[in-house]
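J.: predicted model and sequence follow; I will ask about them next.
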Amino acid sequence: MIRTLLTTLLAACGFLTIAHGQARHDAPGADLIVHNAKIFTGNPAQPEASALAVKNGRIYSVGSDAEVLDLKSSNTRVIDSRGRRLIPGIIDAHTHVLNESAYNYNVRWDGVPTLRRALQMLSEQAARTPKGHWVKVIGGWSPYQFEENRFPTMDELRKAVPDHPFIVQYAYNRAFMNQQAMDAFGVGTDKFPQLPGTEFEKDDQGKYTGVVHGYTFTFIAMETMVPQPSIDEEVSSLVYTIHDLNRFGITTAIDAGNRGYPRMQANVAVLASDNRLNVRMPFVDMQFGDGTPMNMVEAQIRAITRTAPISPGHNLHLHLAHGHVYRGAGEVLCLDVHDHENFDRPAVVIEPDKMRQLVEKDVTKLVQRRIPFRMHISYDENITPFLDALETLNERTPLQGLRWSIEHAETISPANIARVKALGGGIALDTKMALHGDGFAKTHGREKALLTPRLRQLVDSGIPLAMTTDAFRAATFNPWVGISWMVSGKSVSGSEVLAKGNRLSREEALGLFTRSPAWFMNAESEAGLIAPGHLADFALLDKDYFVVPESQIKSISSVLTIMDGRVVFAAQDYSKLSPALPQILPAWSPVGHFGGFYGSR
C-alpha cells in the first residue's frame, strides 16, 4: 500500500513539473547580462560583484563575470559596463510626477549654474513661444545655486520676456510676474483667490512690483489660472518627465499626491497600455474637489469606493510589478492643518486642537478601513500634537500592521522619532535643505540648520526611513543633489548647512534612496537591492559615486538605466540602446530645447 502511494505521488510530482515547464515556455539562458561592472549590491550577504543576470524582469544571478557569463544563450543581450559603477535603481519615495501635466510648458532652471544663463534661457524661450502662451519657470531651482547667489530682479525678467505674460516661481515661497501676468490673474481684484499668507509687494507709490509671497495653495491656485495643456500634451509631458527621472537612475517614483484619482491616472494608463511606462509609479492620492469646502478624507473614500472602485495594494498596471499601485491617502488630509515648509518665513504652527480633530474625525475613518495614509508635517511643534492624538486613536483602534508615515519632518525631535517608531510608522524626509538650507539658516539660525533634519539620529534609530526629492516644484527632481548634501553637508551654494556629526557615509546616503524606500512601496523583499529574486532595476553611472570627490557627487547621472529588465534610458557609448522618444508636444516646448535638467541637451 505504501509503495503504491509513493509511486502515485512521485508520478504526480513529475506530471506537475512537466506541466509547469510547458506553461512557462522559457528559453534557456538569461535575457540580459551586465558584466565587467563595479556592482554595489546593497546586499550585506554579497556586498560586491562584477556581473548580474536578468530573467523575466527579475535578477536571478549575481556574481563574478565567469559565473554569470556562463548563463548566456544565443538570445541573451550582453552589456559590457567597461568597469563602471552599477547601483540598484533609485526609488524616490515622495515626488509629484502627476502634478507635472504641464511639464513640457516650463523652462526648468534645475542645475543652471549662473543667473546670467537662466535669464538667457528665458529670453530664448520667449522668442519661440507662440502668442497667447506664457513663459514659465515653476520650481526646481534656488537662488543659492547661482554663481551670483541672488534672485533675478524684475527689470532683468521684464527685459528677458518683453512680450509674453511670465511667471517665475521659487519653490512654494514666492513668484515673479509681469503686468500681463498680473492682469490675467486679476491681482488686486476679487478674481485672485483670497488665500491666507498671500502678500503682494508694492513700491513706494503703492503699485504692485510683480513679486508675490505666499504658501503652497497660493501657487497651486495660480497654476490652474494659466493656459492648460491638451490631453495629448499631458501625455507627452508624462513621457518626458519620466525620461528625465530615468536620466538620473530613478526606476521607481512614488507619486505622493496629485489633483485627484482617477483623473490623472488615465494618462498613466495610456503609457501602461503599450508598455511605455518606464518607471514604477505607486501612488497615494489627494482630493481637492472643485475649490468649495469639503472633507478631503471623505472625498478620498468616495473616490476609491464609488467613483472608481479600488483598494489599497491594487495595481492598475496589468503587467508591471508595483507599476501603478494605490498606496493610500495623503499627503494632505486637511487643508487647515497643512504646515507649509516655506523656509523664508517662520514655522507655521497649527492649533493643537485642529490636529486632534483631524485624527479623531478623519484619520479614524482611514484606520477603520485599513487605508494607509501619509501626513505632511514639517515642524516638530505640529508633529507632537498629531502623535498625541494618534496614540489615543491607537488605544481604541489599533494601527497595527497599517503602513503610515510622516512626510518631510524637517525638525522632528528625537523623542518624536521614537514615538513614530513605537506606533509602527515611517518617516519620509526630503532633500530640500540642499537647495533651501541657506534660506532656512537666515530664518531659523545656522545652529538649527546644522541639525535639520537629524539625519544621524534618524538613521541610527532603525525607523522605516527614506530620503526623497519632493519634486518638481518644492525642489529639484535630481536625487544626486540631495545625496551630495547628505554626504558633504554643503548646500548648492557651497555653504555648510549640515553639521559634520549629522552627515552620512556614502553607503548610508545611497541606501536612503534605494533599499530603505522599498518599505514605502511594500516591497522590502523584492526592491532596492541587487540580489537574486529582486526586481531588475539598476543603473550604470557616469562617475563612480564611491570614489569621486564630494564636489562631483551632485553632477552624477546614469549612462544606462534598466527598469524591469529593459533599457529605459541610455547615453554616451550606450546611446544606441536608448528607446526612441516620441516627438515632444508642443513643438515649442522649452524641455524640447533645453532638456529638463541643465546640460541634458
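T.: Structure received.
J.: the helices in the stretch 401-550 of the chain, which residues?
T.: Ranges of helices in the stretch 401-550 of the chain, per DSSP state H, counting those that start in this stretch, are 414-422, 432-444, 446-449, 455-461, 479-488, 506-511.
J.: which of those sits most buried?
T.: Across the helices of the stretch 401-550 of the chain, averaging neighbours per residue (mean count of other C-beta atoms under 10 Å) puts helix 479-488 on top, at a mean of 25. (C-beta placed from N, C-alpha, C; glycine too.)
J.: which residues touch that one?
T.: Outside helix 479-488, the residues that touch it by C-beta atoms under 8 Å, 6 or more residues apart in numbering are 90, 92, 111, 248-250, 430-431, 433-435, 437, 455, 467, 469, 475, 490-492, 497-498, 503-506, 508-510, 512-513, 545, 550-551, 553-557.
J.: which of the helices and strands in the protein ranks last by mean pLDDT?
T.: helix 2-24 (a mean of 39; mean pLDDT, DSSP states H and E).
J.: helix or strand right after it?
T.: Going down the chain from helix 2-24, the next helix or strand is strand 32-35, by DSSP states H and E.
J.: mind listing what's buried along that following strand?
T.: For strand 32-35, the neighbour count (16 or more other C-beta atoms under 10 Å) marks Leu32, Ile33, Val34, His35 as buried.
J.: what's in contact with the following helix or strand past that strand?
T.: Next in sequence after strand 32-35, counting helices and strands by DSSP H and E, comes strand 38-40. Here strand 38-40 makes contact (C-beta under 8 Å, 6+ apart) with 47-52, 62, 81, 83-88, 507, 510, 530, 544-546.
J.: quick one, which of the residues you listed are buried?
T.: Among the contacts of strand 38-40, those buried by neighbour count (16+ other C-beta under 10 Å) are 49-52, 62, 81, 84-88, 510, 530, 545.
J.: give the contact list for Ala118.
T.: Trp109, Val112, Val137, Trp141, Phe146, Pro152.
J.: SS state for the last one?
T.: Taking DSSP: H, G, I helix; E, B strand; the rest coil as the rule, one finds Pro152 in the coil state.
J.: and it, how many neighbours does it have?
T.: 21 (other C-beta atoms under 10 Å).
J.: per-residue confidence for it?
T.: On the pLDDT scale, Pro152 is placed at 98.
J.: with the third one instead?
T.: Val137 is assigned a predicted lDDT (pLDDT) of 98.
J.: what sits closest to it if chain neighbours are left out?
T.: Closest residue to Val137 apart from its sequence neighbours, by C-beta to C-beta, 6 or more residues apart in numbering: Val168 at 4.4 Å.
J.: make CSV out of the buried ones among the contacts of strand 38-40 and add distance to Gln125.
T.: Converted to CSV, the buried ones among the contacts of strand 38-40 look like this (distance: C-beta to C-beta, whole Å):
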residue, distance to Gln125
Ala49, 45
Ser50, 45
Ala51, 45
Leu52, 42
Val62, 46
Ser81, 37
Arg84, 35
Arg85, 35
Leu86, 37
Ile87, 34
Pro88, 36
Leu510, 35
Ile530, 41
Tyr545, 33
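J.: save the helices of the stretch 401-550 of the chain as CSV, and put in distance to Ala389 and mean pLDDT too.
T.: Below are the helices of the stretch 401-550 of the chain laid out as CSV (distance: least, C-beta to C-beta, whole Å; pLDDT from 0 to 100):
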stretch, distance to Ala389, mean pLDDT
helix 414-422, 12, 98
helix 432-444, 26, 98
helix 446-449, 26, 98
helix 455-461, 22, 98
helix 479-488, 31, 98
helix 506-511, 32, 98
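J.: now render those as a markdown table, adding distance to His314.
T.: Shown next, in a markdown table, are the helices of the stretch 401-550 of the chain (distance: least, C-beta to C-beta, whole Å):
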| stretch | distance to His314 |
| --- | --- |
| helix 414-422 | 27 |
| helix 432-444 | 31 |
| helix 446-449 | 41 |
| helix 455-461 | 31 |
| helix 479-488 | 28 |
| helix 506-511 | 29 |
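J.: looking at those, which is closest to Leu577?
T.: helix 479-488 (22.0 Å; C-beta to C-beta).
J.: and the angle from that closest one to helix 432-444?
T.: In terms of direction (axes from the mean of the first three to the mean of the last three C-alpha atoms, to 10 degrees), helix 479-488 departs from helix 432-444 by 60 degrees.
J.: chain center to helix 479-488, what's the gap?
T.: Relative to the chain's own centre, helix 479-488 is displaced by 15 Å; criterion: C-alpha atoms, centre = their mean, to the nearest Å.
J.: one step back: show only the entries of the contacts of Ala118 found in strands.
T.: Among the contacts of Ala118, DSSP state E puts Val137 in strands.
J.: got the contacts of Ala118 as TSV, with distance to Gln205 columns?
T.: Putting these into TSV (distance: C-beta to C-beta, whole Å) gives the following:
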residue	distance to Gln205
Trp109	31
Val112	33
Val137	28
Trp141	31
Phe146	30
Pro152	22
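J.: quickly check the contacts of Ala118 for the two that are furthest apart.
T.: Pairwise over the contacts of Ala118, using C-beta to C-beta, the maximum falls at Val137 and Phe146, 12.9 Å.
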